[in-house]
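In: For reference, the sequence and a predicted model appear below.
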Amino acid sequence: MSDSSPIIAEFDLPDAAATQALGKVLANRLKPGDVVALHGDLGAGKTELARGLIRALFGADTEVPSPTFTLVQTYEDAAVHLSLWHFDLYRLEDPEEAFELGIEDAFADAVSLIEWPERLGRYLPARRLEIALSHAGAGRRAILSGGADWPERLKGLTL
């Protein structure tokens, strides 16, 4: 996670539903070109947060599989006027492999949710929202940080 971006918000997430709720409240604040970097160990809730966010945008019945093996899942809906690319880069061996997934197109025209963003190295855009998820007791903790316009865009964010 970036050390230079200010912390915008912190949330205690007691269960999977709370983790999805965080994704849901973030969804309506996103726009094309946004990059959301999801940090955390295995099982920290990255995919759960992505699931809540994606279902908030594309419907509660949207199937949201983990892209662990496919590396990327895309979601589009003309009614939403937004496309979203959900990346899981855990299995990436070289940052340049992300270009084979079309990541530069996602950065330009879509919302990019990226699990294991550190695998991109220098290719991870500087203008991004960082969400660090960690285990906290029986639940999780989320710390949101980001520069540019993120503090203003997330002002008043509550669960």
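Out: Great, that's in hand. Residues are numbered from 1 along each chain as shown.

In: what's the distance between the residue at the greatest distance from the centre of the chain and P14?
Out: Distance from the C-alpha centroid of the chain peaks at G137, with 22.7 Å (CA atoms, centre = their mean). Distance of G137 to P14, computed by CB to CB, to the nearest Å: 8 Å. (Glycine included, C-beta is placed from N, CA and C.)

In: Same check on A148?
Out: 31 Å.

In: Buried residues, stretch 140-155. List them.
Out: Applying a neighbour-count criterion of 16 or more other CB atoms under 10 Å, one finds R140, R141, A142, I143, L144, S145, G146, G147, W150, P151, R153, L154 buried in stretch 140-155.

In: Next: stretch 122-134.
Out: Under 16+ other CB under 10 Å, the buried positions of stretch 122-134 are L124, R128, L129, E130, I131, A132, L133.

In: any idea whether V36 is helix, strand or coil?
Out: Using DSSP: H, G, I helix; E, B strand; the rest coil as the criterion, the local structure at V36 reads strand.

In: For it, the count of nearby residues, please.
Out: Counted with other CB atoms under 10 Å, residues neighbouring V36 total 25.

In: Does it touch L129 like I think?
Out: Yes - using CB atoms under 8 Å, V36 is in contact with L129, at 4.9 Å.

In: Dihedrals phi and psi, E104?
Out: Per-residue torsions, E104: phi -70, psi -30 (degrees, to the nearest 10).

In: Enumerate every residue touching the residue farthest from the centre of the chain.
Out: By CB atoms under 8 Å, 6 or more residues apart in numbering, the contact list for G137 is empty.

In: Now it: phi and psi?
Out: Here is the backbone geometry of G137 (degrees, to the nearest 10): phi 60, psi -130.

In: Likewise for P125?
Out: According to degrees, to the nearest 10, P125 has phi -60, psi 140.

In: Quick check: it vs L30, distance?
Out: For P125, the distance to L30 - CB to CB - is 14 Å.

In: And for R141?
Out: The value you get for R141 to L30, if CB to CB is used, is 22 Å.

In: Okay, now the unreliable bits of the protein?
Out: Scanning the chain for pLDDT under 70 picks out 1-4.

In: Alright, that wraps it up for me.
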